[in-house]
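# pasting a predicted model and its sequence here:
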Amino acid sequence: MTRPHADVTRRRALGQHFLRDAGIARAIVDLLAPTPADLVVEIGPGQGALTGELSRRAGRVLALEVDRALIERLRVAWPAVEVLDADARAWGWTSLARPAGGRALVVGNLPYSVGTAILVALSRAPRAIDLMALMLQREVAERVAAAPGSKIYGSLSVYVQLRWRVEMAIRVPPGAFRPPPKVESAVLRLTPLPGPAVELADEARFEAVVRAAFAQRRKTLANALAAGLDLPVATAREAAASAGVDPGRRAETLNIREFAELARRL
């Protein structure tokens, strides 16, 4: 008699809240508009709210799940769906092969606890994925979509918008889930850009500069970079000035191109 309670506790620890609203499930799938020519990869199918709709509309569906009990249930319920015991954070997204004449699509209700890590992994595969519809905690989704100058614009905004066009598509209330979370969710529609927003000579350096700039948001850009990159403040100021960026600005005011030029100078 204690097992259901134990299951709920474990799912909450994993950040698992299962979508139960069929109307919202259809709306999410509609964002992708899958056809029989398309491959869809579903992340975290859970109890299958999206899986059934996807299996009816897409040519091939791969479902990535880490909960073995759920894996078995999904395989029984939808035998045509390929349910894999796989962690989306480490899956080979860049090597995903789109079907001939079709698209490679990604959809998922991302667990709150690892949603950001999954999104970062996906953001690195714009050449392999044609379109994504991802549900995240609403405040995280808003950060991803935020524009420069916003208080919630940050490193995640920069990393994703470097390669993707981001749209806030659907807001989802807590009551759409079982168990209901304490926060709202939102679905992002992400379309790959034709190319990166700016070409990077050294992506690792770019990410390090962005991370350092936002690590201490209240500091000026020069001071934040000096602290985050272990540089003399004078060096950070000179690099910013040579990049055409006022070293007294705050990180949230810089656009992606300015970050790229700053990384090049550093």
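Alright, I've got the coordinates.
# any idea which residue sits dead centre in the chain?
Leu119 (2.3 Å; CA atoms, centre = their mean).
# in this protein, which spans are strands?
18-19, 39-43, 60-65, 82-85, 104-109, 131-137, 164-172, 177-178, 185-192 (DSSP state E).
# so which of these is nearest Asn223?
strand 164-172 (29.4 Å; CB to CB). For every residue, glycine as well, the C-beta is placed using N, CA and C.
# can you give me the buried ones in that closest one?
Buried positions in strand 164-172, judged by neighbour count with 16 or more other CB atoms under 10 Å: Trp164, Val166, Ala169, Ile170, Val172.
# elements contacting the biggest helix by length in the chain?
Ranked by residue count and defined by DSSP state H, the top helix of the chain is helix 203-215. Secondary-structure packing of helix 203-215 (3 or more CB pairs under 8 Å, 6 or more residues apart in numbering; DSSP states H and E): helix 155-161, helix 221-229, helix 256-265.
# how is the chain divided into domains?
Per the record, the chain has its domains at 3-192, 203-265, by automatic domain parsing.
# least confident of these, on average?
Note on the domains of the chain: domain 3-192 shows the lowest mean pLDDT, a mean of 93.
# that older thread, switch the helices and strands packed on helix 203-215 over to JSON lines; also include distance to Arg211 and mean neighbour count.
Listed next are the helices and strands packed on helix 203-215 as JSON lines, based on distance: least, CB to CB, whole Å; neighbours: other CB atoms under 10 Å:
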{"stretch": "helix 155-161", "distance to Arg211": "5", "mean neighbour count": "21"}
{"stretch": "helix 221-229", "distance to Arg211": "7", "mean neighbour count": "21"}
{"stretch": "helix 256-265", "distance to Arg211": "11", "mean neighbour count": "20"}
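# distance to Gln16 for the ones you listed - can I get that in a markdown table?
Formatted as a markdown table, the helices and strands packed on helix 203-215 follow (distance: least, CB to CB, whole Å):
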| stretch | distance to Gln16 |
| --- | --- |
| helix 155-161 | 22 |
| helix 221-229 | 34 |
| helix 256-265 | 33 |
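# Ala104 is nearest to which of these?
Nearest of these (CB to CB): helix 155-161, 18.0 Å.
# ok, the nearest residue to Asp21 once chain neighbours are set aside to Ile71 distance?
Nearest residue to Asp21, sequence neighbours excluded (CB to CB, 6 or more residues apart in numbering): Ala176, at 3.9 Å. From Ala176 across to Ile71, the span is 23 Å (CB to CB, to the nearest Å).
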